[in-house]
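Enquirer: Please find the sequence and the predicted model below.
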Amino acid sequence: MTLRRPTLVDKETILDMIAEFEREESATDGGNLFANFDFESWLQQGQDWEMGLNLPEGFVPSIQYVSFDDAGQAVGFLSLRLRLSDYLLNIGGHIGYSIRPSQRGKGYAKEQLRLGLQEAATKNISKVLVTCSTDNQASRRTIVACGGSLEDIRDGVERYWIG
C-alpha cells in the first residue's frame, strides 16, 4: 500500500471509490468531500487547505491523502490535520480515515493509519490524537493495533493518543 497526495492521474480510481462509498451509504471519513463534488476543485481544495488557504470557519490546515493498493486502485482516504481546534480535540483528532467498503477486513486500515502516523511524524506531530465512535469496533481495533491508548470517551467518541 502507498499513501500519498492525490493527483489528476488518480481521478478514475478515486471517483470509482467515491461511487462505492455512496452506493454503500458509507462515511468517507478523512475524504474532505463536499456537495456537488468536482474532482479538480477537490484537488485544488487539498492544496489550499494544506497551505492554510480558503479554510472554512473552524477548520485547520490539513493534508489530504489517498491510499492505493499494489495495483494502483484507490482503497481509502486519510486526512492529517496539522493542529487541533477545540472540535478536533474533542471529536475529530489529528487523523480521519476510511477504507472503501469492498476492501475492508484486509488489513488496509491498519496499514493506512500506520503510514498516516509516519506522515504526522514528518510534520513534527509527535503525539497523535485518533478518535472513533464507541460503536465502531473495527476502527477501535485498528487504533489500538497502531499503539493507541484510550484517554477517555466524550459524547460517544473514544479518544486515543498514539506516540
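Expert: All right, it came through fine.
Enquirer: Contacts for the helix ranked longest in the chain next, please.
Expert: When the chain is parsed with DSSP state H, its longest helix is helix 108-122. Helix 108-122 has contacts (C-beta atoms under 8 Å, 6 or more residues apart in numbering) with 1-3, 63, 65, 67, 69, 75-76, 78, 80, 94-95, 97, 99, 128, 130, 138-139, 142-143, 145-147, 162-163. In short, each C-beta sits where N, CA and C put it, glycine included.
Enquirer: That helix: which residues count as buried?
Expert: Buried residues in helix 108-122, counted by 16 or more other C-beta atoms under 10 Å: 108-117, 119-120.
Enquirer: could I get those residues as TSV with pLDDT and distance to residue 45?
Expert: Shown next, in TSV, are the buried residues of helix 108-122 (pLDDT from 0 to 100; distance: C-beta to C-beta, whole Å):
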residue	pLDDT	distance to residue 45
108	98	24
109	98	24
110	98	28
111	98	26
112	98	21
113	98	23
114	98	26
115	98	22
116	98	19
117	98	24
119	98	19
120	98	21
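Enquirer: picking up where we left off before, return the members of the contacts of helix 108-122 classed as buried.
Expert: Buried by 16+ other C-beta under 10 Å: 1, 3, 63, 65, 67, 75-76, 78, 80, 94-95, 97, 99, 128, 130, 139, 142-143, 146, 162, out of those.
Enquirer: Can you tell me the closest non-neighbouring residue to residue 15?
Expert: Computed as C-beta to C-beta, 6 or more residues apart in numbering, the closest residue to residue 15 that is not its neighbour in sequence is residue 39, at 6.4 Å.
Enquirer: What is the neighbour count of that neighbour?
Expert: 15 (other C-beta atoms under 10 Å).
Enquirer: Roughly how far does it sit from residue 13?
Expert: Distance of residue 39 to residue 13, computed by C-beta to C-beta, to the nearest Å: 11 Å.
Enquirer: ditto for residue 135
Expert: Distance, residue 135 to residue 13, using C-beta to C-beta: 30 Å.
Enquirer: Determine which member of those two has the greater number of neighbouring residues.
Expert: Between residue 135 and residue 13, residue 13 has the larger neighbour count (other C-beta under 10 Å), namely 18 against 9.
Enquirer: Now for the more buried one: which residues touch it?
Expert: 68, 72-74.
Enquirer: Most neighbours among the residues you listed, which one?
Expert: Of all the contacts of residue 13, the most densely surrounded is residue 74 (22 neighbours; neighbours counted as other C-beta under 10 Å).
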